[in-house]
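Asker: Build the 3D model from these lines:
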Amino acid sequence: MKRLFFIIFGILGSLAFAQDLQLQPIAKVNLIKTEVITVKQYRSEVERTEKTSGRAFTPELRRQILDMMINEKLVLQAAERDKVAISENEVNQQFDQLRAMLSRNIGGRQPTEAEFATAVRNQYGLELPAFRDQVRRQLIANKYLNLKKETVLKSFTEPTEEDIIKTYDLIKAQFVRPDVIRFSMLQIPYGSNAAEARRTAEGLIREIGSSATKFDEKVNSARSPSANAGYQSYKDEYIQKDMQTQQMMGADFVTTAFSLKQGEVSRLLDNGQFFRIIKISETYEMKALQLDDIFQLGTPYTVRDYIGNTLMQERQMAVLQQATEELTRELRAGRTYEDPDNNREYKRIMDQIVW
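Answerer: The predicted structure is shown next:
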């Protein structure tokens, strides 16, 4: 009994120590006020970032996350000091852009709040209220950076035609487009009643038969905002013939889709999760792309546009990194923060964290 008491006491003591450690400050920011970053906050951010990236970080990368948390608090305090803020409307505009992106991925319809919350959770590892707060903080930080480092941020030069041609000559082997099709699709999910889904799918295929006109009518009617057809429709989608498409859509889908003639309607396809009927609108054979060829089918976006935009983004990112480093270096000057690098007690706490 006495031994059992000591075992239980030891377990409770270990739990209390672990809980106490979670509340310990691991860094402190005091530009205009004192704010701490606790072990719990730091661990949560590391675990969230690792989960969304799909990999475990090295100790060096985990330490960089703490640096980013310190820098964010310094920038937000500096913005508060200099009366830089953003409105609710600016946050709402950012959310509207994200919803529009999701809408394009789900066939053009407006996502429900539940769908939007799920997409945010999957991509960012946050619930909507926490994500909204993160967006607000990022917008404030960006606005302050643009205010303080405008000259640096505008210092990049746009790529010239010569830059684009030289880059194309170096990487043109990458610009080989595989076989591609443009297609429309009717998709009936199994949901909770596979038998009912099959009845719906077989009814559709009987109505459509081989008629491209009837197929188009079904696609268009299902895309109406008031439609409640029990199936989904997709119009003018592009897929290419490769392993990634086969893994995503299934071997039977890829084999069937790329064997159909232009304007031909497929048989009923079943992958165990969805029933599908497709119609091919255009086919494109494999091609080595030149500078003026379309890079992204369905748009006027050429290989030249792609290279020019990529070079522009690289240069913008370079000056953004320079501006950010300059700003955080300035804000870190003096006794504006404490972290494990300059405080023995914080370093001791850092060493006790078990990942």
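
Asker: burial measure for residue 284, as a count.
Answerer: Residues near residue 284, counting by other CB atoms under 10 Å, number 15. In this view, the C-beta of every residue, glycine as well, is placed from N, C-alpha and C.

Asker: Same question for residue 55.
Answerer: 10.

Asker: before we move on, what about residue 259?
Answerer: So residue 259, with other CB under 10 Å, has 10 neighbours.

Asker: cool, residue 182 as well?
Answerer: Residue 182 has 18 nearby residues by other CB under 10 Å.

Asker: does it count as helix, strand or coil?
Answerer: strand (DSSP: H, G, I helix; E, B strand; the rest coil).

Asker: How about the one 10 residues further on?
Answerer: Here residue 192 is recorded as coil under three-state DSSP.

Asker: what helix or strand does the closest residue to residue 66 other than its chain neighbours sit in?
Answerer: Using CB to CB, 6 or more residues apart in numbering and skipping the chain neighbours, the partner closest in space to residue 66 is residue 42 (5.8 Å). Taking DSSP states H and E as the criterion, residue 42 maps to helix 39-53.

Asker: Residue 109 and residue 233, how far apart?
Answerer: Residue 109 is 10 Å from residue 233, where distance means CB to CB, to the nearest Å.

Asker: more crowded one of the two?
Answerer: residue 233 (23 against 15).

Asker: For that one, give me its contacts.
Answerer: By CB atoms under 8 Å, 6 or more residues apart in numbering, the contact list for residue 233 reads 107, 184, 185, 186, 187, 218, 219, 220, 222, 223.

Asker: Return the members of those residues classed as buried.
Answerer: Those of the contacts of residue 233 that meet the buried threshold are 184, 185, 186, 187, 218, 219, 222, 223, by 16 or more other CB atoms under 10 Å.

Asker: so which of the residues you listed comes closest to residue 339?
Answerer: Set against residue 339, the nearest of the buried ones among the contacts of residue 233 by CB to CB is residue 187 (51.7 Å).

Asker: helix/strand/coil for the closest one?
Answerer: Going by three-state DSSP: residue 187 is strand.

Asker: ok, which stretches of the chain are helices?
Answerer: Using DSSP state H, the helices of the chain run over 2-22, 39-53, 59-81, 88-105, 113-124, 128-148, 150-153, 161-171, 194-208, 212-222, 243-249, 251-257, 303-332, 344-352.
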